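Participant: sequence first, then the predicted structure:
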Amino acid sequence: MILCLVDNDPVSLEALTFARRFGEVEALVFGDIDVGGYVARARRVVHARLDEYAPTAWAQAVLELEPEIVVAPGTDRGHEVLAHVAARIGAPLAANVIDASVDSEALQLTRQRWGGSLLEEARLTGTPKLLTVAPHAIDAEPSGITTTVEDFTPTLGDEHFRVRVMRREEPAAGTARLDSARVVVGGGRGVGSKEGFAVLEELAKLLGGAVGGSRVVTNLGWRPHSDQVGQTGARIAPDLYIACGVSGAIQHIVGCKGAKRILVINKDQNAPIVARADWAVIGDLHEIVPAIVAELRKNGA
Amino acid sequence: MKVGVCVKRVPETGARITLTSDDQAIDTSLLGFTISPHEECAVEEALRIAERHGGSTTVLTLGPAAASEQLKNAMAMGIASAVLLETDGGDWSAEATAAALAEAMRAQPEPFDLLLFGNEAADSGDYQVGVRVAHTLGLPCVTGIKGIEIDDGRLTARREAGGGWEIFELPLPAVVTVKEGINLPRYASIQGRLRAKKTPIERIQPQPRASALETIRLVVPPEHETHVEVLGAGADAAQRVVAVFRELGLVGL
């Protein structure tokens, strides 16, 4: 059986699409996401004690089905659950795979290292084969197949609920989400100070976007860590990323490479980020950004 | 409270990665090394927990002899003792790394109450060593944590999810993997550096083991080539920038 773990997350549909290359896939669905059109057979996990996420219980549900290949989304939960599966049975886990093909008993695969700035070609043998699919490696595409959904109740005991979500705190209303914003205005060391971000905030507001920062900026405490764009922060995928005073270290590029277009405002025409940009304005962001804001205001934005 | 923290020595890559001629490793001849970022925060968190609740701290790493530099750096920040699981420098699989670490932890005279890891190492990005160690030691585990509180033998852990937070509770002893943002790591003090220099490192020779996930080669992905259009220099470019916004449909015509 080729099993794909499906969580309430769009990356799960990418993982389902990815898994179809191995043959007929069954979806193991946690939550209420619709997988219609993606696979012929889906099992919706139903269990009185699974009203909240519990990593080892999810792992046990996977193991109970004794799959030969398990695919999961490359998310916090996908990685965590498959790591538990892998640890339980002593099998390897290939994380953040972007390409894979079957080669007799083995899988030939390509996976991300360094957040995707380096790739590893590897060979995975043994059974079961466990892998997570890197977010945005492929687009989610239904195959148009008719999907039969049935309930599945795994056999779970107290030992599977030692760790589970006890409560949640919902996001504050009106917060612009960095990972789903259409425009992101990012600042780097060139912004110069915490106060220097005020004008970036203003520009983001006029464009209905969110503000982000490089790792330098969050390490200096100019922005909270939740605003970090990079390997150890958010991966953004806006229509436009406006990078102000950002040099473009690998750590940062990995976080913004999902952006459709990049506009760079930088003093240094030779900064690595300029080579990744669609448009560049060379000069002092403290003069340029206010001028853009003024121009937008003049145009009634 | 006895807190253990595991770190990994990784190169500081800067703006571009270059490989060795056999495509098996990063060419580090011109690079410095550091502790993986999430793990630097794990070191800081271990120190804060020991300061708040009392107890001892130990840093462990599996790596080449040169990884003693990272252990010394953690001790300069304030970690009391260090264990080096010394390898010949090649990459170890996540399974082999976890098995060796768990064995070294078991061999400690007193068991750990809390083991901290980074969520994933910056270089290999395997997302699993902490979970494997937890299973081997029979401990509860939670990953990707950005907030820890300990009260009366129970640990509360916060994980960012969809812009909000998921809150877990675990009994101690436990394994927690943390993400950058849980804290801002301190700088090492001069006294810390001097003390680290004098503190001996415990050395262990771990047994390697084969993995069913075998690296064939590393590949630097092709550069995303863009044609850069320079819109101008200085504030005079503002009009052209707004024209771009208009072209993208971000502002009205």
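Facilitator: Sure, I can see it.
Participant: A:S226 against B:I182, yeah?
Facilitator: No. Contact criterion C-beta atoms under 8 Å: A:S226 and B:I182 do not qualify, at 11.5 Å. No exception for glycine: its C-beta is placed from N, CA and C like everyone else's.
Participant: the two - which one has more neighbours?
Facilitator: B:I182 (23 against 15; other C-beta atoms under 10 Å in any protein chain shown).
Participant: burial check on A:T146, number of neighbours?
Facilitator: 8.
Participant: am I right that it sits in a helix?
Facilitator: No. A:T146: not assigned to a helix; according to DSSP: H, G, I helix; E, B strand; the rest coil it is coil.
Participant: tell me the contacts of it?
Facilitator: By C-beta atoms under 8 Å, 6 or more residues apart in numbering or on different chains, A:T146 lies in contact with A:A40.
Participant: 6 Å instead?
Facilitator: The contact partners of A:T146, by C-beta atoms under 6 Å, 6 or more residues apart in numbering or on different chains, come to none.
Participant: check it and give its pLDDT.
Facilitator: Listed pLDDT for A:T146 reads 95.
Participant: that one and chain B, how far apart?
Facilitator: Distance from A:T146 to chain B, counting by C-beta to the nearest C-beta, to the nearest Å: 31 Å.
Participant: what is the burial count for the residue of chain B found nearest chain A?
Facilitator: Residue nearest to chain A within chain B (C-beta to the nearest C-beta): B:G181, separated by 3.0 Å. Residues within reach of B:G181, counting by other C-beta under 10 Å, total 20.
Participant: assign it to helix, strand or coil.
Facilitator: B:G181 ends up coil, using three-state DSSP.
Participant: burial measure for the residue lying closest to it once chain neighbours are set aside, as a count.
Facilitator: Spatial nearest neighbour of B:G181, excluding adjacent residues (C-beta to C-beta, 6 or more residues apart in numbering or on different chains): A:H225 at 3.0 Å. Neighbour count for A:H225, taken as other C-beta under 10 Å: 23.
Participant: mind checking how far A:H225 is from A:V184?
Facilitator: Distance from A:H225 to A:V184, counting by C-beta to C-beta, to the nearest Å: 16 Å.
Participant: do the same with A:I145
Facilitator: 37 Å.
Participant: related to what we said a few turns ago, touching, the residue nearest to B:G181 and B:K179? I think so.
Facilitator: No. With contact defined as C-beta atoms under 6 Å, A:H225 does not reach B:K179; the gap is 8.5 Å.
Participant: enumerate the residues of the stretch 51-200 of chain B near chain A.
Facilitator: B:124-128, B:131-132, B:135, B:140, B:142-144, B:163-170, B:180-181 (C-beta under 6 Å from any C-beta of the partner chain).
Participant: among those residues, which ones are buried?
Facilitator: For those, a burial check counting by 16 or more other C-beta atoms under 10 Å in any protein chain shown picks out B:124-128, B:131-132, B:135, B:140, B:142-144, B:163, B:165-170, B:180-181.
Participant: in chain A, which residue sits closest to chain B?
Facilitator: Nearest to chain B in chain A, going by C-beta to the nearest C-beta, is A:H225, at a distance of 3.0 Å.
Participant: that residue and B:Q108: what is the separation?
Facilitator: 32 Å.
Participant: now the helices for the stretch 151-253 of chain B?
Facilitator: Using DSSP state H, counting those that start in this stretch, the helices of the stretch 151-253 of chain B run over residues B:190-198, B:238-247.
Participant: name the residues of the last one that are buried.
Facilitator: By neighbour count with 16+ other C-beta under 10 Å, helix B:238-247 contains the buried residues B:A238, B:R240, B:V241, B:V242, B:V244, B:F245.
Participant: overlap of the contact sets of A:S226 and B:I182?
Facilitator: With C-beta under 6 Å, 6+ apart, A:S226 and B:I182 have no common neighbours.
Participant: any low-confidence regions in chain B?
Facilitator: For chain B, applying pLDDT under 70 flags the ranges B:225, B:253.
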